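Colleague: Quick one: sequence plus predicted model below, questions after.
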Amino acid sequence: MFKNFFIIAMSAIFSLSGMLPFVPTISNVSDEQYYCDDTYSGYGTNAEEFYETLTYDSYTSSLTKIDILCPNYHSSYGTNACTPTAGSIVTTYYDYYYPNLLPNYDPTYTYNNKLYWQPQNSTVNAMQQSLYNLMGTNTEAAGTSVAQFKAGMTSYYNTQGYSISYNNVTNSLTSSNVINYFNQEKPIILFLTSYEYFPSSCHNFGSNQMSMLGYRKTVGHAVVAFAYVEYDFYTNNEIFRTDKYLYVVFGDDTIGYLSINDTSYIQEAYTFNVA
């Protein structure tokens, strides 16, 4: 449904034609992991930068995405706030289908028959602050645990007259399953113990070579995935590498790629049911 809707502001990102695999650094985590990344990716942070290139004869690609993508927000309230930020992205997305999750607010607008997300504003920021407080961010440890995330989201949705439930998909992040989730218009929240992340803007692509700047960090972080892309690279008419990626809203106004060739750095992952 809603096949005629598309967020034009993000459409250029799907012209990307190549990505690189990685093996992330995995941190030792306790039973109760807290997600507290407050610097994210990007220039001027303490994330380690790295650069990769790939040469090939040709490639093919396939893309599956939720119809209206996801809004692209940053943290606007408090420290160690990646988890309430991810919650605000999910909540605004579902407000499109379930009105008044953000009371008296329309999260989208139409221009020239095309659908756009409203830019982050005081309504979204107030909802982020509410989630931050309801989740008890920084009250038990730096950041937010998954249990706190669920409790805060449940409380917020109940207050707005809705219920929310959580489907643990941590062990089912295969290509076919991820495609199925997105075909059902379900974004996925990922709780990461570490990451190697490729912003969509930090790449150069040619007919036979692709290069990309990435960021590496060992810290708990939460992001929201809304698309799956797969690339097959060929040399001498044979596939020599297949790369599988989730396209994610990273929580600092950037969008980019996380590999699911290896999912061991994903501590937990959830889709949602709202009623």
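Modeller: Yep, it's here. A quick note: this is a predicted structure, and the numbers were derived from the prediction, not measured.
Colleague: buried stuff in the top strand by length along the chain?
Modeller: Residue-count comparison of every strand in the chain, with assignments taken from DSSP state E, identifies strand 221-235 as the longest. If you call a residue buried by 16 or more other CB atoms under 10 Å, then strand 221-235 has these buried ones: His221, Ala222, Val223, Val224, Ala225, Phe226, Ala227, Tyr228, Val229, Glu230, Tyr231, Phe233. All C-beta spots, glycine's among them, are computed from the backbone N, C-alpha and C.
Colleague: State the phi and psi torsions of Glu238.
Modeller: Note on Glu238: its backbone torsions stand at phi -130, psi 140 [degrees, to the nearest 10].
Colleague: And for the residue in the chain sticking out farthest from the centre, nearest residue in space, chain neighbours not counted?
Modeller: Here the centre of the chain is the reference, and by CA atoms, centre = their mean the most remote residue is Asn236, at 35.1 Å. The spatially closest residue to Asn236, leaving aside those adjacent along the chain, is Asp57, at 6.9 Å (CB to CB, 6 or more residues apart in numbering).
Colleague: One more: Tyr247?
Modeller: With CB to CB, 6+ apart as the measure, Ala227 is the residue that lies nearest to Tyr247, at 3.8 Å, once sequence neighbours are left out.
Colleague: quick one: the one you found and Lys65 touch, right?
Modeller: Yes - if you go by CB atoms under 8 Å, Ala227 and Lys65 touch, sitting 3.7 Å apart.
Colleague: who's in contact with the closest residue to Thr235 other than its chain neighbours?
Modeller: Taking CB to CB, 6+ apart as the measure, Thr235 lies nearest to Asp57, with 4.9 Å between them; neighbours along the chain are not counted. Taking CB atoms under 8 Å, 6 or more residues apart in numbering, we find Asp57 in contact with Asn208, Tyr234, Thr235, Asn236, Asn237.
Colleague: In contact with the last one, which residues?
Modeller: For Asn237, the contacting residues are Asp57, taking CB under 8 Å, 6+ apart as the criterion.
Colleague: cool, and the second one?
Modeller: Applying CB under 8 Å, 6+ apart to Tyr234 gives the contacts Tyr56, Asp57, Ser58, Tyr59, Thr60, Phe240.
Colleague: How much space separates the closest residue to the first one other than its chain neighbours from Ser61?
Modeller: Nearest in space to Tyr56, with sequence neighbours left out and distances taken as CB to CB, 6+ apart, is Phe233 at 4.3 Å. From Phe233 over to Ser61 the distance is 10 Å, taken as CB to CB, to the nearest Å.
Colleague: What of Phe240?
Modeller: Shown here: Phe240 relative to Ser61, a distance of 15 Å by CB to CB.
Colleague: more neighbours, those two?
Modeller: Set side by side, Phe240 and Ser61 show more neighbours around Ser61, with 15 against 12, by other CB atoms under 10 Å.
Colleague: The more buried one and Val249, how far apart?
Modeller: 20 Å.
Colleague: And the helices in the protein?
Modeller: Remark: helices of the chain, listed N- to C-terminal, are 82-97, 122-134, 146-159, 175-183; assignment by DSSP state H.
Colleague: tell me the mean pLDDT over the shortest one?
Modeller: When you say that, I think you mean helix 175-183. In this model, helix 175-183 carries a mean pLDDT of 97.
Colleague: who does it touch, helix- and strand-wise?
Modeller: strand 58-65, strand 221-235 (3 or more CB pairs under 8 Å, 6 or more residues apart in numbering; DSSP states H and E).
Colleague: Partner strands of the first one, with direction?
Modeller: Sheet neighbours of strand 58-65, with direction, are listed as strand 221-235 (antiparallel) (DSSP bridges).
Colleague: got the CA positions of stretch 248-256 in CSV?
Modeller: Once non-C-alpha atoms are left out, stretch 248-256 reads as follows in CSV (Å, rounded to 0.1, in the frame of the first residue of the first chain):
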residue,chain,number,x,y,z
VAL,A,248,19.9,2.9,8.3
VAL,A,249,19.0,6.2,9.8
PHE,A,250,22.0,6.7,12.1
GLY,A,251,20.7,9.3,14.5
ASP,A,252,22.9,12.2,13.7
ASP,A,253,21.2,13.5,10.5
THR,A,254,23.1,10.9,8.4
ILE,A,255,22.0,7.9,6.4
GLY,A,256,24.2,5.0,5.4
